[in-house]
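Q: what's the 3D shape of this:
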Amino acid sequence: MEKRMKRWLILVSVMALLSGCGSGKGILSLEEAQSMAEEEIKERLSGFTREEIQAAWGEGTDPFFGAYGEVFPLDEERTLILYYESDGQTVRDVAFGENSWSFVGTIREIHGTGAVVEVDEGFSIRSSGDRVSVSLEEDAARARVGDRVRVTYCGAVMETYPLQLGHQKSIELIEKAADRELPGENGDSQTVAGSPGEETTGVQESVREPEEEPVIMKNLNAEKTLFTETFYKAGDVNYRMRAYAEPGEDGDSFRANVLRLSYIESRPSFMEMEDEDTLELNADAAIETVAGQNVYETELMVYAYKKGEIIFESVCEVTVALPQKEDGNCMVSIFQRKNQGELPEEVRAIFGEYYPMQQEDHGLFERYLCRAELCARPAEELRFMRNTIYAAHGRKFKDPVLAEYMEKKPWYRGNREAESFSDEELTKMEKENIRLLQKLESEPCDERNGAAYRLENFEPAPYLPFLSQNLQTGLSVNMEEAEDRGVYYRVQGTLFLPVTFTRRQWEEMRNGKATEICTNELTGEKQILEYDREKGYRMYMKGAIPDDFPTDIRSYYNDSTGLYELYQASDDTIMKPVYEGDLFILKGAVYGGMVNLSSASELQEEITPQTQEVSGNCLYHNGKGYFTAVYYLGD
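A: As a prediction, the model looks like this:
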C-alpha cells in the first residue's frame, strides 16, 4: 500500500510539472492576471501553446495581423493582448489595452459590407493615420458616403493605409448625410499656401454628389465599387473584369441602362510584349439592366489575339449575377448556360466569380512597388503581402498561419497544390514585387530605416485633404529646389484636380444654357462653359468673345466622385490648380511615365534633387500626404 501511495504521489508531481511546462505552475486564469504585471503574465505563459491558452481562457476576439495576435477581455476597463511569434503559437509579448476606444468620423468609401472612415481631429488613433477600414455590419445596406459614425474598438491597430482595427466592437450611426449640408469630402478649413491668411475649404467647388443615382446603380441597387474597381477572378488573378455604363446617343452614361462588362486576361506590359509571343484574351458582354433584377442571361463575345492578329473568336450564352448593396461581398459571377456543347478552354477559363481586391492587394497586381512605401511595415505584414500574390493565383499553403489568414479572404480559392505551382507562372511584375517584399522581410527594421518611416513620426501634410478627392490628382515640382528634411524632401510645388461640374449643370447645358465653372481654385478664376450637341464644349472667360467650338473637348461622368469632368485631345483631363506651396516627398520615392500604370512603374526611377522636374497625374502617398510614387499616365 505504501509503495502504491508513493507511486501515486510521484505521478501527481510529474503531471503537475508537465502541466506547468517546467515552470511548476499551470496556466494562470484571467482572474489571476487582473492583479499581475505584464512581465509576470508573460513569464507564466512561457512554454504554453496558443491551443493550451485557448483551452483555459476560451478563444480571444478576432485576431489582428492575421494570426499573430489575440485580445482577451480582462476586466471592465482593460483587455489583455497576446502577441505570438511567427509560428502563431508561442507567446512573444504581452500588453494591457483599454477595454475599448472609440472615434467619430465620416464615411468616405463603401466596399460591400466594409467602408473607409475619415477620423475627426482630436482622436488618438489619428496619430497613426486619418482613415480607417471598418465593418458596417448589419448597417451595410443603409450606409451612405457622407454618413457620420462612431466606431468602438479594442486591440492593436495595424498601420496600413487605411488603418485596420484589431477588433471592432461596434459602429453607430450619428448623422445621415442627407440630414446635413455636405461641404465635400474634406470640409475642414485650411490655409492654402500662395494665398497668405486666406481661409479656403481645401476642396473643389463642385463637390456635392448628384441627388439621384445613375440609372444602372439604381436598377441594380449596386455600390459604386462596381464601376470604380478592377475585379479579379477568384483562384486565378490572371483574369480581370471592369464594368462601365454604355453611354446613350447623347453621350450620357448617367441615364444609360446598358451595363458593359469587359474581361481581359492579364498580360505583360508593353516592354515585355515586344519580346514575347503572348496570347491576349478579351471578352465583352452587354446587359440591359432592369430595376430590381440582378441575374441576367446574355451573350459573351470572346476574342483571342496574338501579335495584334485575331487567332479565334467565339460567342457563348452566359448567366451573369451582379452584386446588390446588401450582398456585402460585391461579387460578380459569370457562368456558361447549359446545353451549349464544349467550348474552347480559353473561353471556359473566363467563367467564375470575380471580386474587387483594392484593400487587399496594395497594388501588387497593378504596379511595381517601391521601398519607400514598404520599409515601415512589420515583417509579418510584408510576409502576408508577399503570399497574397501566390494566394490570388490559387496556391495552397502548408503553413497553418498563412492558410488560416488566406481562408478568411472571400476571393481565395486554394485550387493549386504548393508542389505543382511554379514562380514561372507569375508575371514579371509579380516576381519583382515578391523579390522586394522578401528582401525587406529579411532586413532588420533598423537596417531598412523602417522606424523613421512609421506614420506616427509625420505630421499630416497641409494639402492632405486634396489627395482623397479624385483618383486623378496632378503634381508638379522642381526637385532642384528641394530641401533635405531627413527622411523626406520639402519642395515648393503645385497640386491639380480635374475641372468638374454637377449633374444639374450638365442638364442645363443640354437645354442650351451656359454655366460657370471654376478653372483655378487658387485665384478663384471662373470661366463660362457651353455645350453644342454637334461640336461639344467650349470654355471662355466671362465677358470675352468666345472662339468657335473646338472639336476635341468632351465630358464624362466620374462614378467615384459623382461629378462630370472634361477631357481634351487624347483623353487628357482638363485640370485646375488647387494648392501651391510645400510638398513632401519621401526619400526612396519613385517616378515614371507611360500610357498605363504597369508600364509607368516598370520604368520608375528614384526621385532625388538631381531629378529636376517631376510631374504626374497618378500619385501615391503614405497616408499623411508624403509622396511615395508619382506617375504620369498618358501619351
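
Q: give me the buried positions along the longest strand seen in the chain.
A: Here the longest strand in the chain is taken by residue count, with DSSP state E as the criterion, and it is strand 575-594. Burial within strand 575-594, assessed by neighbour count using 16 or more other C-beta atoms under 10 Å, is assigned to 575-581, 583-594. Every residue, glycine included, has its C-beta placed from N, CA and C.

Q: how about stretch 52-60?
A: Judged by neighbour count using 16+ other C-beta under 10 Å, the buried positions of stretch 52-60 are 52, 53, 57, 60.

Q: among the residues you listed, which are in helices?
A: Among the buried residues of stretch 52-60, the residues falling in helices (DSSP state H) are 52, 53, 57.

Q: partner strands of the helix or strand hosting residue 174, with direction?
A: The secondary structure element spanning residue 174 is strand 163-175 (assigned by DSSP states H and E). Take DSSP bridges as the rule and strand 163-175 pairs in its sheet with strand 131-135 (parallel), strand 148-158 (antiparallel).

Q: just give me how far that strand sits from the chain centre.
A: Averaging C-alpha positions (C-alpha atoms, centre = their mean, to the nearest Å) puts strand 163-175 18 Å from its chain's average.

Q: same thing with stretch 39-47?
A: With C-alpha atoms, centre = their mean as the basis, the distance from the averaged C-alpha position of stretch 39-47 to the chain average is 38 Å.

Q: buried residues in it?
A: Residues of stretch 39-47 classed as buried under the neighbour-count rule (16+ other C-beta under 10 Å) are 41, 42, 44, 45.

Q: let me see the mean pLDDT of that stretch.
A: Averaged across stretch 39-47, pLDDT comes to 86.

Q: run through the stretch 301-450 of the chain and note the low-pLDDT ranges.
A: In the predicted model of the stretch 301-450 of the chain, residues 326-329, 339-341, 358-361 satisfy pLDDT under 70.

Q: quick one: the helices in it, in order.
A: Defined through DSSP state H, counting those that start in this stretch, the helices belonging to the stretch 301-450 of the chain, from first to last, are 345-348, 358-361, 379-392, 400-407, 428-442.

Q: got those helices as CSV, with distance to residue 224 and mean neighbour count columns?
A: As requested, the helices of the stretch 301-450 of the chain are exported to CSV (distance: least, C-beta to C-beta, whole Å; neighbours: other C-beta atoms under 10 Å):
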stretch, distance to residue 224, mean neighbour count
helix 345-348, 30, 14
helix 358-361, 12, 17
helix 379-392, 23, 22
helix 400-407, 27, 18
helix 428-442, 27, 17
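
Q: got JSON lines for the buried residues of stretch 39-47, with secondary structure too?
A: Below are the buried residues of stretch 39-47 laid out as JSON lines (DSSP: H, G, I helix; E, B strand; the rest coil):
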{"residue": "41", "secondary structure": "helix"}
{"residue": "42", "secondary structure": "helix"}
{"residue": "44", "secondary structure": "helix"}
{"residue": "45", "secondary structure": "helix"}
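
Q: isn't residue 473 right up against residue 496?
A: Yes: under the criterion of C-beta atoms under 8 Å, residue 473 makes contact with residue 496 at 7.0 Å.

Q: quickly list what's touching both of those two.
A: Here residue 473 and residue 496 share the contacting residues residue 617, scored by C-beta atoms under 8 Å, 6 or more residues apart in numbering.

Q: give the buried residues for the strand holding residue 174.
A: Taking 16+ other C-beta under 10 Å as the basis for neighbour counts, the residues of strand 163-175 that come out buried are 163, 164, 165, 166, 167, 168, 171.

Q: between these, which is nearest residue 442?
A: Residue 442 has its nearest neighbour among the buried residues of strand 163-175 in residue 164, at 24.1 Å by C-beta to C-beta.

Q: okay if I get the buried residues of strand 163-175 as a markdown table plus distance to residue 255 and pLDDT?
A: Listed next are the buried residues of strand 163-175 as a markdown table, based on distance: C-beta to C-beta, whole Å; pLDDT from 0 to 100:
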| residue | distance to residue 255 | pLDDT |
| --- | --- | --- |
| 163 | 38 | 79 |
| 164 | 38 | 75 |
| 165 | 40 | 78 |
| 166 | 45 | 66 |
| 167 | 44 | 71 |
| 168 | 38 | 78 |
| 171 | 34 | 88 |
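
Q: nearest to residue 265, of the residues you listed?
A: Using C-beta to C-beta, residue 164 comes nearest to residue 265 of the buried residues of strand 163-175, at 31.3 Å.

Q: isn't the closest one right up against residue 135?
A: No: taking C-beta under 8 Å as the definition, residue 164 is not a contact partner of residue 135, at 10.6 Å.

Q: got the buried residues for stretch 547-562?
A: In stretch 547-562, residues buried by neighbour count (16+ other C-beta under 10 Å) are 553, 555, 556, 557, 558, 559, 560, 561, 562.
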